[in-house]
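1. show me how the following folds:
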Amino acid sequence: MVQHLEATGVGLPPDHAVVVDAPDAHAVDALSAARRGAYAPARALLAATREKADWTLRDESVRALAEIAVDDAAWLDAWLAGSPDDPDALVVEAFRRIAEAWKVRTGASAKDVAADQFRAFHSLLNDALPVIEAAVAAGPGDPVPWSAVLAHCTGAGAPREVFDDCLSQALACGPHHLPTHFRAVQFLSAKWYGSHEEMLDHAARAAADAPRDSPLRALEVVALTEVGLETGRRGGRPRRNDGPATPGADRTDEIIATAQAYSVSRPPEDRAARLVRNHLVWALNGRERWAESLDVYRSIGRYATGSPWEYLGAPLEVFLHFRDHARSRLASSVPRNGTVPAPAVPLPESARPQAALEIAYVPLSPQRTSQELLLTAATVRLAPAGRWTLVETAPSLETPGKRGRRATLLRLDGLVRIAESAFDSPRLTTLVAHAEGSDSRALTVVGKGRTVARHRWAGPGETPSQETAQQHAELLVAAAGSGDAREVARLLRDPGEPSELLVRTLAALGLPPLPAGFGERPEVLADARKATVHRARSLWQGMKDFMNDDNDPNPPLQLDVR
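-> The predicted model follows:
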């Protein structure tokens, strides 16, 4: 497995580049303005989507705006106060009410939801109904408010005849509206109020009637997720299964093949194909078709979706976990003298090999930092900076093509992985600053051997909620040992220029400034004053050096890591 693991990563963007439910470029300014408390750009965006009947962009934008309003609805309240009958403001408010109710209930199984949570959930849904009805009445012909209706039907447990009538009216507005059919799949699933047979039949009919280039052509693979969901919950990961009893194993394979054909027909990282591809890779994982699974991961590229990964936890964490699992399983299935299958799909731009542009802040001297790194098989450059040591990877000092099996096994493909492996003591909480292309910066906190927080600045549209920003700010201040969490939270929510915000945040935390050239070129510490190199070594030599406090942690000889 170790021998072939590195080859399985060809064409996959690095972990730090993956995002969940990234907003459409057309919605970025409106989302950013809403987070700042202004609603005029959102009003203009939604009016345009209604006039152009761009129901896909409208639905995505409404949901994103509603999520923002759950944390701070002042801008939406002001919009409604000035235009109480505005169909765009009303539909955002309808989705906000539903999102607020689900935030109280949470996505846990019914058995894990407390009685008082259920009471509050149903009370909030009851309060939402008049707003939802007003949104439907204000937007005749608009299928988006009907998605709110169907979500309400699911949460409130509406009678079947009520749901059927609402679904019929929703489809009259938009017969090929993906969110409408996604809601129908949820309601008709065995988990809620239907059965596998009903759910799959609906998905099959929607697929048959859909235009050739519509993602609905592959809706059945989305429904297939619900079939094996309980197995996935019990096992902690999707397990091999032969599909539902009714359609049979051969029908499951046909559903997967249809989704694969749709995926192949779309370009890498295509927005329309995102939901289908994320469910398709879930299905392929469940059937242990690892090479095919990795090809779909390559087509997904940077763009994960919340569904289906949110079923098992934080979507990004789960997505990356299963991507790593597919790599490990494929690598272990290839004979020692065999080769990993080459990618069978076009690769996205984000998969191009790029030198890591990142700096770690370690709260130790360079010598002690080097000592902690002895067992990791990592080659890095160190530079003192007050009470901190700045660390960067040093690929120029590694033998090309020979990273070493331990480095491959530990996935030491960046400073976060190295920090997780080396600095697992509570007193060694490490911060890692990342430059991700020209338009994105990130700051990660690694403590006790795991990533505990990661904030990413990517300009307007990527601002976190106030709650998330405050949590991350408190973790950053604790890691740095100084700073005002309120000021840091404000910087985390600022939609301004990412590189400037990273610099200002580091300053607010009392951290040393980034070296000159950071974000423009790799290995910026090469010319730093008193910089040293920690060279990787064999496991045996690393153990000897680790046990010997008198040993120089930076010997001039670079030892073989293999």
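
2. and the contacts of the helix ranked longest in the chain?
-> Under DSSP state H, the helix in the chain containing the largest number of residues is helix 115-138. Residues from elsewhere that reach helix 115-138 (CB atoms under 8 Å, 6 or more residues apart in numbering): 85-87, 90-91, 93-94, 97-98, 100-102, 104-106, 113, 145-146, 148-149, 152, 155-156. Every C-beta, even on glycine, is put in place using the N, C-alpha and C of the backbone.

3. buried among those residues? Make that a PyMOL selection.
-> Selecting only the buried entries of the contacts of helix 115-138 in PyMOL, with 16 or more other CB atoms under 10 Å as the criterion:
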select buried, resi 86+87+90+91+93+94+97+98+100+101+104+105+145+146+148+149+152+155+156
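
4. can you list the weak-confidence ranges in the stretch 251-400 of the chain?
-> Across the stretch 251-400 of the chain, the ranges flagged by pLDDT under 70 are 353-356, 398-400.

5. which residues in it form strands?
-> With DSSP state E, counting those that start in this stretch applied, the stretch 251-400 of the chain shows strands at 303-304, 358-362, 380-385, 388-393, listed in chain order.

6. which among those strands is found nearest to A342?
-> strand 303-304 (22.8 Å; CB to CB).

7. turn the strands of the stretch 251-400 of the chain into a markdown table, columns for distance to Q3 and mean neighbour count.
-> Output for the strands of the stretch 251-400 of the chain, formatted as a markdown table (distance: least, CB to CB, whole Å; neighbours: other CB atoms under 10 Å):
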| stretch | distance to Q3 | mean neighbour count |
| --- | --- | --- |
| strand 303-304 | 29 | 23 |
| strand 358-362 | 27 | 25 |
| strand 380-385 | 24 | 22 |
| strand 388-393 | 22 | 25 |
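
8. need those strands in CSV (columns: distance to V162).
-> Shown next, in CSV, are these (distance: least, CB to CB, whole Å):
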stretch, distance to V162
strand 303-304, 34
strand 358-362, 54
strand 380-385, 62
strand 388-393, 59
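
9. helix or strand for the residue lying closest to E358 once chain neighbours are set aside, which one?
-> Once flanking residues are discounted, E358 sits nearest to H434: 4.6 Å by CB to CB, 6 or more residues apart in numbering. Secondary structure from DSSP states H and E places H434 in strand 430-435.

10. doesn't R456 lie inside a strand?
-> Yes: assigned with DSSP: H, G, I helix; E, B strand; the rest coil, R456 falls within a strand.

11. where does this protein have low pLDDT?
-> In the predicted model, the chain carries pLDDT under 70 at residues 230-250, 353-356, 398-413, 438, 460-462, 537-562.

12. report how many residues lie close to the nearest residue to E497 once chain neighbours are set aside.
-> Here the nearest residue to E497 in space, its sequence neighbours aside, is G459; by CB to CB, 6+ apart that works out to 7.5 Å. Counted with other CB atoms under 10 Å, the neighbours of G459 add up to 17.

13. do the same with F423
-> One way to gauge burial is a neighbour count; for F423, by other CB under 10 Å, it gives 25.

14. just checking, it touches R450?
-> No: with contacts defined as CB atoms under 8 Å, F423 does not count as touching R450, sitting 10.6 Å away.

15. gap between the residue nearest to V281 when sequence neighbours are not counted and E269?
-> Here the nearest residue to V281 in space, its sequence neighbours aside, is V296; by CB to CB, 6+ apart that works out to 4.3 Å. V296 sits 12 Å away from E269, going by CB to CB, to the nearest Å.

16. now L390
-> 33 Å.

17. next: D54.
-> 20 Å.
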